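Novice: 3D model of this:
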Amino acid sequence: MAVRQQLPAKLYYRIGEVAGLVGVEPHVLRYWETEFRSIRPQKSAKGQRVYSRRDVETLLKVKELLYSHRFTIAGARRKLREGGIEPPPPDAGASHEEVQRMRTALVEIRSEVLALMDELERV
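Specialist: Predicted coordinates for the structure are as follows:
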């Protein structure tokens with residue numbers, strides 16, 4: 001196993017910092033975001049990606065699996081899933097009807113939350 005470098009003691013990291021810490025180009029980080037559901041940086045008010053410490057640690061694991069252990073993307077995703085880092089695929093174990101029911105429920109909850117937010121803004 002590769003020796004882990006000590007991460008700076010910060011809550012959030014910008015994409016340039018993360019690229020330097022992980023040792024890959026920013027476009028690689030953006031690609032990995034599309035392939036690994038466990039990597040979900042937030043966006044700042046200016047629209048810049050802001051990575052949490054957990055995101056950076058996951059990215060370091062992804063790089064190790066892909067570059068050192070020569071896993072494919074699918075293999076690295078499966079390995080992270082086994083370790084409890086990567087969530088299962090959205091359709092794992094759920095029928096199409098269940099997924100549609102959950103989606104409908106979430107859309108309703110979202111509209112209720114938005115309505116509450118509007119109401120709070122008026123107060």
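Novice: list the contacts for the spatially closest residue to residue 37 that is not a sequence neighbour?
Specialist: Excluding the flanking residues, the one nearest residue 37 by Cβ to Cβ, 6 or more residues apart in numbering is residue 87, at 5.3 Å. Bear in mind the C-beta positions are built from the backbone N, C-alpha and C, glycine included. Residues in contact with residue 87 (Cβ atoms under 8 Å, 6 or more residues apart in numbering) are 37, 38, 81.
Novice: what separates residue 87 from residue 50, distance-wise?
Specialist: 21 Å (Cβ to Cβ, to the nearest Å).
Novice: ok so, going back, which of the contacts of residue 87 has the largest number of neighbours?
Specialist: Greatest neighbour count in the contacts of residue 87, by other Cβ atoms under 10 Å, goes to residue 38: 19 neighbours.
Novice: so it versus residue 107, what's the distance?
Specialist: 24 Å.
Novice: assign the residue nearest to residue 37 to helix, strand or coil.
Specialist: The three-state label given to residue 87 by DSSP: H, G, I helix; E, B strand; the rest coil is coil.
Novice: state the helix or strand in which the spatially closest residue to residue 86 that is not a sequence neighbour lies.
Specialist: Nearest non-adjacent residue to residue 86, counting by Cβ to Cβ, 6+ apart: residue 80, 3.7 Å away. Using DSSP states H and E, residue 80 maps to helix 73-82.
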